[in-house]
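Peer 1: Provide a 3D model corresponding to the input given below.
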Amino acid sequence: MEKLSLKEKIGYALGDGAANIAWRGVATFLFIFYTDVFGINPAVVGVLMLIARFGDGIIDVLMGVICDRTNSKYGKFRPWILWTAIPLGITLSLLFTSPNLGPTGKIVYAYATYLLFFLIYTANNIPYGALMAVMTSDNKERTSLGSYRMVGAFTGGMVVQGALLFLVVYFGNINPTININKLDTKKYEVIVSTNQDVKNVNIKTKDGIALFTWANSEMANSLNIPAQGKSFSMEAQKKYSFIVSGEENLEAKNITIIDQKRGYSHAIYLLSVFLALFLMVTFATTKERVQPPKEQKTNLGKDLKDLIRNKPWIILLIIGLLFNVYNSIKQGIVVIYFSHYLHNQLLAATFMVGLMLASIAGAMITSPLGKRFGKRNLFIYALIFSGVVNALLVFCSSENIIGIFTIGIISEFGAAIFPTLFFAMLGDAADYSEFKNGRRATGLVYSAGSFATKFGGGIAGAIIGFVLAAFHYNGQDAIAIQGAVPGIIMLMSWIPAIIALIAAGVMTIYPLNQAKMDEITIELNNRRANELA
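Peer 2: Just a heads-up that it's a prediction; the model follows:
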């Protein structure tokens, strides 16, 4: 019944902060990077995410088996956190590197780097998740540790989601030629050119207030809706003209033109350094205490048999899959939603910081709410609450910024409870297996969490890709982008809400209430005390 120090809880939390620099970076920005910057068809991206994450989810189970059979002076799980720290940062950087390849080469590169990234992520995240269950045998202390973990996770997510777009602006800034002709008090003709080809740039004013419309005849004839920024490809020495209105005293220094390819790559390179450092701190500050029963012999067949008969684990696997589909759709569409529906990509960073602050609050409140309502009931309430609130986004116009922020933040407060409870409940499922079968395979049990996270994200990526493809979305074609706006709104609002309500229904059959967990904890502690006697 080890009580954990504040230092150890914070050290453990940094590990999920690191993991979420990678996970949230991929979940939130990789889809738009692939479609708008790297130039891959959204349906192809959706299939890639589905296939790669399903295959990697299977590897999760193998990694759980490997962890349970790892024996080192550092324990079973901690050494993997150290061994994978630097490789994880490198593979994350490779994902957001876009070499100059043809269409087939881009797809091959995307598959290779995506699979490699998730292979390393698995080798890091399975042992990290399982470590929670062996740091203490107190299921209530694990819930507290889970809250710290999620605060770390959401803080890491807030760093990447809040800072990355601004880092993209900083690293992606190019030096174009900008000429401005004043037409009226708040109306100007802006002509830009560059001496190099840039596949994907975004132009806007630094204040983000002015509206841009095309003055080039060939561009104006395709789509000419006023927006706070325009994304397009620039050819060397070609002039691009805009009519810009809404700001006074406009000067060249007030206009930014960002090379998103270079911006994304360099921003991720920087964040990857912090990722590796945080993981090393987690390794250095944590300790493994709970061991399998002394008489337990290595038997993979028995471990797998126990696993598939573990009803709480089976239900948690389904729940984890569903709520990760829910969260991943919301994360994966938000930058596209703000870029192409609100026409203000940088505002997405502010929105995501707001979501992360709400998530931290939700994670912190989970432990006391779990004690009052029980983990199972709280999970059900949170799923219904978050899903219903999120569906209200369908009624928000692109001008209703306050409504979008309010609904998104309230919904995210409820959604933060899902992972906080989920990973603590996987520890309960490991305890249940030991209680019922006299055997413990913590790594194998926690592989469900990683499998659900990854495959759920893959299903979400496929849903986003197929819906956008159905609306003929092309991130490098202004006409196609505007035609796909109804699909973007659906993905931001009621499609994920349906998933959350289905998950709430499944959760009603979860069998481990608080009274049962108290019984299991007392029995297991008695057994361990007898082993030491």
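
Peer 1: and stretch 132-152, how far out from the chain's middle?
Peer 2: Mean-position distance between stretch 132-152 and its chain equals 21 Å (C-alpha atoms, centre = their mean, to the nearest Å).

Peer 1: Likewise for stretch 367-384?
Peer 2: That offset, for stretch 367-384, works out to 23 Å (C-alpha atoms, centre = their mean).

Peer 1: Ends of that stretch, what's the gap?
Peer 2: Terminal residues of stretch 367-384 lie 19 Å apart, using C-alpha to C-alpha, to the nearest Å.

Peer 1: can you give me the strands in the stretch 201-350 of the chain?
Peer 2: For the stretch 201-350 of the chain, the strands defined by DSSP state E, counting those that start in this stretch cover 211-214, 230-234, 240-245, 255-259.

Peer 1: Now mean pLDDT, mean neighbour count and distance to Leu131 too, for those strands, in a markdown table please.
Peer 2: Where you see a C-beta, it was placed from the backbone N, CA and C, and this is true even at glycine. Listed next are the strands of the stretch 201-350 of the chain as a markdown table, based on pLDDT from 0 to 100; neighbours: other C-beta atoms under 10 Å; distance: least, C-beta to C-beta, whole Å:
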| stretch | mean pLDDT | mean neighbour count | distance to Leu131 |
| --- | --- | --- | --- |
| strand 211-214 | 85 | 20 | 50 |
| strand 230-234 | 79 | 19 | 42 |
| strand 240-245 | 90 | 20 | 53 |
| strand 255-259 | 86 | 22 | 40 |
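
Peer 1: In JSON lines: the ones you listed, plus distance to Ile315.
Peer 2: Output for those, formatted as JSON lines (distance: least, C-beta to C-beta, whole Å):
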{"stretch": "strand 211-214", "distance to Ile315": "51"}
{"stretch": "strand 230-234", "distance to Ile315": "44"}
{"stretch": "strand 240-245", "distance to Ile315": "55"}
{"stretch": "strand 255-259", "distance to Ile315": "46"}
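
Peer 1: wait, Gly414 sits on Ala382?
Peer 2: Yes. Using C-beta atoms under 8 Å, Gly414 is in contact with Ala382, at 4.7 Å.

Peer 1: Comparing those two, which shows the higher neighbour count?
Peer 2: Ala382 (27 against 22; other C-beta atoms under 10 Å).

Peer 1: Tell me how far the closest residue to the more buried one other than its chain neighbours lies from Ala153.
Peer 2: Take Ala382 and drop its neighbours on the chain: the residue closest to it by C-beta to C-beta, 6 or more residues apart in numbering is Ile417, 4.0 Å away. Going from Ile417 to Ala153 by C-beta to C-beta, to the nearest Å gives 13 Å.

Peer 1: Which residues are in contact with each of these two?
Peer 2: The contact sets of Ile417 and Ala153 overlap at Ala363 (C-beta atoms under 8 Å, 6 or more residues apart in numbering).

Peer 1: more neighbours, these two?
Peer 2: Taking other C-beta under 10 Å, Ile417 and Ala153 do not tie; Ala153 has more neighbours (29 against 26).

Peer 1: Leaving out chain neighbours, which residue sits closest to the more buried one?
Peer 2: Spatial nearest neighbour of Ala153, excluding adjacent residues (C-beta to C-beta, 6+ apart): Asp16 at 3.9 Å.

Peer 1: mind listing what the one you found touches?
Peer 2: Tyr128, Arg149, Met150, Gly152, Ala153, Gly156.

Peer 1: Redo the residues you listed as CSV? Include secondary structure.
Peer 2: CSV is the format used below for the contacts of Asp16 (DSSP: H, G, I helix; E, B strand; the rest coil):
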residue, secondary structure
Tyr128, helix
Arg149, helix
Met150, helix
Gly152, helix
Ala153, helix
Gly156, helix
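
Peer 1: Would you mind giving these as TSV with distance to Ile410 and pLDDT added?
Peer 2: Below are the contacts of Asp16 laid out as TSV (distance: C-beta to C-beta, whole Å; pLDDT from 0 to 100):
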residue	distance to Ile410	pLDDT
Tyr128	30	92
Arg149	23	88
Met150	18	81
Gly152	23	90
Ala153	20	86
Gly156	22	89
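
Peer 1: Which positions in the helix or strand harbouring Ala19 come out as buried?
Peer 2: Assigned by DSSP states H and E, Ala19 belongs to helix 6-25. Using 16 or more other C-beta atoms under 10 Å as the test for burial, helix 6-25 gives 8-25.

Peer 1: ok, Val445 to Ile32 distance?
Peer 2: Taking C-beta to C-beta, one finds Val445 at 35 Å from Ile32.

Peer 1: Kindly report the same for Ser193.
Peer 2: Distance, Ser193 to Ile32, using C-beta to C-beta: 26 Å.

Peer 1: quick one: Arg474 from Gly465, how far?
Peer 2: Actually, residue 474 is Asn rather than Arg. 12 Å.

Peer 1: list residues touching both of the two?
Peer 2: In contact with both Asn474 and Gly465: Pro42, using C-beta under 8 Å, 6+ apart.

Peer 1: The two - which one has more neighbours?
Peer 2: Gly465 (26 against 18).

Peer 1: Which SSE is immediately downstream of the helix or strand hosting that one?
Peer 2: Element membership for Gly465 (DSSP H and E) is helix 442-470. Tracing the chain C-terminally past helix 442-470 and defining elements by DSSP H and E, one meets helix 478-483 next.

Peer 1: quick check, distance from that following helix to the centre of its chain.
Peer 2: With C-alpha atoms, centre = their mean, you get 26 Å for helix 478-483.

Peer 1: next one: stretch 10-25
Peer 2: On C-alpha atoms, centre = their mean, the centre of stretch 10-25 falls 11 Å from that of its chain.

Peer 1: Averaged pLDDT, that stretch. What do you get?
Peer 2: Regarding stretch 10-25, the rounded mean pLDDT is 93.

Peer 1: Only alpha carbons, please: show that stretch as PDB.
Peer 2: Provided in PDB are the C-alpha atoms of stretch 10-25 (Å, rounded to 0.1, in the frame of the first residue of the first chain):
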ATOM      1  CA  ILE A  10       5.500  14.600 -11.000                       C
ATOM      2  CA  GLY A  11       8.400  12.500 -12.500                       C
ATOM      3  CA  TYR A  12       5.900   9.900 -13.700                       C
ATOM      4  CA  ALA A  13       3.600  12.700 -15.100                       C
ATOM      5  CA  LEU A  14       6.500  14.100 -17.200                       C
ATOM      6  CA  GLY A  15       6.600  10.800 -19.100                       C
ATOM      7  CA  ASP A  16       3.100  11.300 -20.400                       C
ATOM      8  CA  GLY A  17       3.900  14.900 -21.100                       C
ATOM      9  CA  ALA A  18       6.600  13.600 -23.400                       C
ATOM     10  CA  ALA A  19       4.300  11.000 -24.900                       C
ATOM     11  CA  ASN A  20       1.700  13.700 -25.700                       C
ATOM     12  CA  ILE A  21       4.200  15.900 -27.400                       C
ATOM     13  CA  ALA A  22       4.400  13.000 -29.800                       C
ATOM     14  CA  TRP A  23       0.800  11.700 -29.600                       C
ATOM     15  CA  ARG A  24      -1.000  15.100 -29.800                       C
ATOM     16  CA  GLY A  25       1.400  16.400 -32.300                       C
END
